[in-house]
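Peer 1: after the sequence you'll find the predicted model.
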Amino acid sequence: MLILSDVTIKLAEKFLFQNFHASIDAGDVLCIMGPSGCGKSTLLDYLSGSLSPAFHASGELHLNNRELSRLPIEKRKVGILYQEALLFPHLTNLENLMFAIPDTIKGKRRQELALDKLAEFNLSDKAHSLPDLLSGGQKARIALLRTLLSEPEYLLLDEPFGKLDATLRESVRAFVLEQIQAAQLPTLLVTHDADDADAMGNKVIHLSI
Amino acid sequence: MKLQQVNFAIVASICAFILIGVVGIIAPAFHYLPAINAYTFSLTPWVTLFNTPEFVSSITLTLVSGLAATFISLMLAFAAVAAFHQSWILRFFQKSLAPILAVPHAAIAIGLLFLLSPSGWLIRLFTTFERPPNWITVQDPYTLSLILALVIKETPYLIFVILACLPQIKANESLNIGRSMGYHSAAIWQKILLPAIYPLIRLPIFIVLAFSLTVVDLALIIGPNTPSTFAVTVFRWFKDADLNERFVASSGAVFLMILVFLTFLLWECTYRLLSHFAKKFRTQGVRHPTLSKLYPWVGSLYFLLLFFVSLAGIILFIWSFAKRWRFPDIFPSRWSLANIERNGDLLLDLSGNTLFVAIVSTLLALAISIVVLEVKRINTLNTTFFDRLIYLPILLPQVGFLFGIQIFFIRIGFSGHLPAVITLHLFYVLPYVYLTLHGAYLAYNQNYFIQACALTQKPIRSFFQIKLAMLKAPIFSAFAIGFSVSIAQYLPTLVAGNGLISTLTTEAVTLASSGERKIVSLLALMQSIFPLIVFIFAIWLPKVWTPIRIHLKTRLSKPFPPTLSTKK
């Protein structure tokens, strides 16, 4: 379970969040909605550990009784998905996945694991091609696979369906939700789309400016 | 004349110019030079070239200094950006870039010469010698001082181009993703960001490599003498009073062109080979590479370069106002303005030429760039050729190409006049002005202009008052860069001026090894001050332009003050 308690974030003298509380169970999705500039992305940065030093943040962030708020991003075991898939363009799709696999898994096992995942999602034929050649939906799927392979303990989604067309959006959304529930990851989704919130969010919080 | 026709004339002129320069150097390389009645083609110049005693050693020095300077500059630039990305230190680096980029390389080399030489300031500051030691610290046979000067000049340029690429590769987001997977940021730079940046900065790297392999003025000041680097050797052959030396000089110049392109090939093959081996390393999942701690240390070496540049600037200033400065005194025992008073006429004359050529050539380059960019905006396909063509002046070795042009200039009676100097400066200023203006000009929201035309029905007025006025910041930046490029030109001035027209740069380089430190320092100082002033104005003016314009307008129309002033 991911618990935010008493979180206060301010920029200069302006409070973006004051004594904010929330909790997300394993496999659940907390959806944060609101207009641009309301602080959605700031909250996401706080949760990922990449909040700019210009902000002043206090409060606690617990994941299964582990305090995370003072840990740097690389020690939090967090998975992030942005609006853009951000697959590394000079690595093949297979290499993108292998990059994420923890180094405790060594040698040929790394490649086998990545290939297994691709096969599981019918993307084997894309293993050795570059991300540029993928469709929007395929990119989103591989980006999620890559994130999951890094074995995160919670997930942050920053409008990950924003660039997909309506049909694709629905199928990718279903795929992501399925994976979140299979991996039992507490997930925070930031969006301004009510359909995303309806389809995925167990709880929805509306922020205003 | 339509815009497209002007554009075609510009492209045709550049092509013709390049062709004349290349043919003008290839023909004498095969013993064909009508100017001295040599009409028979032969390979004699090549045989002479390969039998020249200093040929092999000159080539070796060129390759060592060129490759080492490019490699070290690239490593320093990568390490500095990777180590200090997202920190205040990088913002400090960014602020330091403009002044270093603005200072002509000859001035940096002269400053280093007076800093590092056995009687230089470093020895005076940090040792207790009573007499200058018998050390070879500059113009050394291993090209170390030349490499240092090149690294000082090229590292800031590479940092500048790397920083410009970061938004394109979404560096911040990639760092977040990599770090969320547990990677140390140094590992993400090594495995993800640097391989993604390299293809984007390949051309700037080649520009640095070509410059380092073919530079003449810098090597004349601080490079080795016996033997010298190959570009300097070729330059001396060209300058020889015996016109028969032109044959071997031309074959040498052609050989230098071939050498530059072979070095590009070698560099690229090495990169691809290393990249192939590094692929496996990228996907092994190692989160903390052993070299990660080295990045901040290597990156910090940039501070050392800044330290050298600062000391070089200070030493030029001190020498300019020194009356008596004996070794081992740290500072002059007497100061004076006599140096400026005594050389006042010369300085005025040189500054006048320098400023006139720089201003005219940069304004012309700006006008040409705007025409070409306007055509490119209307029809992208027509001008992609220009985008490739514009790199040729930077990549072609000056030492060969310019002497090919010189023959043509002499033949048409153009040599030795200011327009000839301006033409050659324009040829070298244009690529920098065009490339600086390119992104901002094409990103301009054309709807503003369309709206202005609809309102006024006067396209020319709208173009100047709306479009160019809105683009004043990039236009001023492009002007500052073009101006500093023109100020730094040595060979183009020498070749087109034919010894009759001198600028601060030609005089400073010529006198650099004369031992007249006071006048040389003064020339180098002035050569640096002009671009610095223009850079400061280029940053400051666009910010205050509109308030000043409104203020002036208010003052001029005082009887009927506009609404803006009454609101205040």
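Peer 2: Great, that's in hand. Numbers count the residues shown, from 1 in each chain, chains lettered A, B, ... in the order given.

Peer 1: got the domain ranges for chain B?
Peer 2: Using automatic domain parsing, the domains assigned to chain B come out as B:55-242+B:284-336, B:349-568.

Peer 1: next, the closest residue to B:D240 other than its chain neighbours: secondary structure please.
Peer 2: Leaving aside its chain neighbours, B:D240 sits nearest to B:A249 (7.5 Å; criterion: C-beta to C-beta, 6 or more residues apart in numbering or on different chains). Just so you know, the C-beta spots here come from the backbone N, C-alpha and C atoms, and that holds for glycine as well. Secondary structure, DSSP: H, G, I helix; E, B strand; the rest coil: B:A249 is helix.

Peer 1: which residues of chain A lie near chain B?
Peer 2: A:48, A:50, A:72-80, A:82, A:84, A:86, A:88-91, A:95, A:98-103, A:105-106, A:110-111, A:147, A:150, A:152 (C-beta under 8 Å from any C-beta of the partner chain).

Peer 1: please pick the buried ones from those residues.
Peer 2: Neighbour counting by 16 or more other C-beta atoms under 10 Å in any protein chain shown classes A:48, A:50, A:73-74, A:76-80, A:82, A:84, A:86, A:88-91, A:95, A:98-101, A:110-111, A:147, A:150, A:152 among these as buried.

Peer 1: can you tell me which of these are in strands?
Peer 2: Using DSSP state E, the subset of these located in strands is A:78-80.

Peer 1: now these as JSON lines including distance to B:I501 and pLDDT?
Peer 2: Formatted as JSON lines, those follow (distance: C-beta to C-beta, whole Å; pLDDT from 0 to 100):
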{"residue": "A:V78", "distance to B:I501": "65", "pLDDT": "90"}
{"residue": "A:G79", "distance to B:I501": "66", "pLDDT": "90"}
{"residue": "A:I80", "distance to B:I501": "61", "pLDDT": "89"}
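
Peer 1: quick check, nearest of those to B:F403?
Peer 2: Nearest to B:F403 among these: A:I80, at 58.1 Å, using C-beta to C-beta.

Peer 1: so what sits opposite that closest one in the bridge?
Peer 2: Per DSSP bridges, the residues bridged to A:I80 are A:L156.

Peer 1: give me phi/psi at the closest residue to A:A26 other than its chain neighbours?
Peer 2: Residue nearest to A:A26 in three dimensions, not counting chain neighbours: A:Q184, with 4.2 Å by C-beta to C-beta, 6+ apart. Main-chain dihedrals, A:Q184, degrees, to the nearest 10: phi 50, psi 50.

Peer 1: repeat for B:I412
Peer 2: phi -90, psi 10.

Peer 1: try the one 5 residues further on
Peer 2: Here is the backbone geometry of B:H417 (degrees, to the nearest 10): phi -120, psi 160.

Peer 1: and it, how far from B:T423?
Peer 2: Using C-beta to C-beta, to the nearest Å, we find B:H417 at a distance of 10 Å from B:T423.

Peer 1: more crowded one of these two?
Peer 2: Set B:H417 next to B:T423 and count neighbours by other C-beta atoms under 10 Å in any protein chain shown: B:T423 wins out with 19 against 16.

Peer 1: could I get the full set of helices for chain A?
Peer 2: A:40-48, A:93-100, A:108-120, A:136-149, A:166-183, A:194-200 (DSSP state H).

Peer 1: redo these as CSV? Include mean pLDDT and distance to B:S87.
Peer 2: Converted to CSV, those look like this (pLDDT from 0 to 100; distance: least, C-beta to C-beta, whole Å):
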stretch, mean pLDDT, distance to B:S87
helix A:40-48, 88, 17
helix A:93-100, 90, 25
helix A:108-120, 91, 33
helix A:136-149, 89, 27
helix A:166-183, 87, 34
helix A:194-200, 88, 35
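
Peer 1: adding distance to B:L494, write those helices out as a markdown table.
Peer 2: Shown next, in a markdown table, are the helices of chain A (distance: least, C-beta to C-beta, whole Å):
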| stretch | distance to B:L494 |
| --- | --- |
| helix A:40-48 | 56 |
| helix A:93-100 | 52 |
| helix A:108-120 | 60 |
| helix A:136-149 | 55 |
| helix A:166-183 | 63 |
| helix A:194-200 | 67 |
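
Peer 1: one step back: out of the domains of chain B, which gets the lowest mean score?
Peer 2: Lowest mean pLDDT within the domains of chain B: domain B:349-568, a mean of 87.

Peer 1: the closest residue to B:G223 other than its chain neighbours: neighbouring residues, count only.
Peer 2: Spatial nearest neighbour of B:G223, chain neighbours left out: B:L146 (4.2 Å); criterion: C-beta to C-beta, 6+ apart. B:L146 has 30 neighbours, counted by other C-beta under 10 Å.

Peer 1: helix or strand for B:L146, which one?
Peer 2: If you go by DSSP states H and E, B:L146 is part of helix B:144-165.

Peer 1: need the contact list for the most centrally placed residue in chain B.
Peer 2: Centrality entry for chain B: nearest residue to the mean C-alpha point is B:V485, 5.9 Å, by C-alpha atoms, centre = their mean. Listed by C-beta atoms under 8 Å, 6 or more residues apart in numbering or on different chains, the contact set of B:V485 reads B:428-429, B:432.

Peer 1: would a markdown table of the domains of chain B with distance to B:L43 be doable?
Peer 2: Compiled in a markdown table, the domains of chain B are given as follows (distance: least, C-beta to C-beta, whole Å):
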| stretch | distance to B:L43 |
| --- | --- |
| domain B:55-242+B:284-336 | 15 |
| domain B:349-568 | 18 |
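
Peer 1: tell me, how many residues neighbour B:F414?
Peer 2: For B:F414, the count of nearby residues is 15 (other C-beta under 10 Å).

Peer 1: where does it land in three-state SS?
Peer 2: Secondary structure, three-state DSSP: B:F414 is coil.

Peer 1: which residues does stretch B:210-220 contact?
Peer 2: With contact meaning C-beta under 8 Å, 6+ apart, stretch B:210-220 is reached by B:62-63, B:65-67, B:69-70, B:105-106, B:109, B:146, B:149-150, B:153-154, B:228-229, B:231-232, B:235, B:256, B:259-260, B:263-264, B:394-399, B:490-491, B:505, B:509, B:512-513.

Peer 1: which of these are buried, as a PyMOL select command?
Peer 2: Buried members of the contacts of stretch B:210-220, defined by 16+ other C-beta under 10 Å, are picked up in PyMOL with:
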select buried, chain B and resi 62+63+65+66+67+69+70+105+106+109+146+149+150+153+154+228+229+231+232+235+256+259+260+263+264+394+395+396+397+398+399+490+491+505+509+512
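
Peer 1: separation between A:Q138 and chain B?
Peer 2: Using C-beta to the nearest C-beta, to the nearest Å, A:Q138 is found at 18 Å from chain B.

Peer 1: then A:L144?
Peer 2: Applying C-beta to the nearest C-beta, the value for A:L144 to chain B is 12 Å.

Peer 1: which ones are touching that residue?
Peer 2: A:81, A:160, A:175-176, A:179.

Peer 1: any chance of those in JSON lines, with distance to B:L294 too?
Peer 2: Shown next, in JSON lines, are the contacts of A:L144 (distance: C-beta to C-beta, whole Å):
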{"residue": "A:L81", "distance to B:L294": "32"}
{"residue": "A:P160", "distance to B:L294": "36"}
{"residue": "A:F175", "distance to B:L294": "42"}
{"residue": "A:V176", "distance to B:L294": "39"}
{"residue": "A:Q179", "distance to B:L294": "39"}
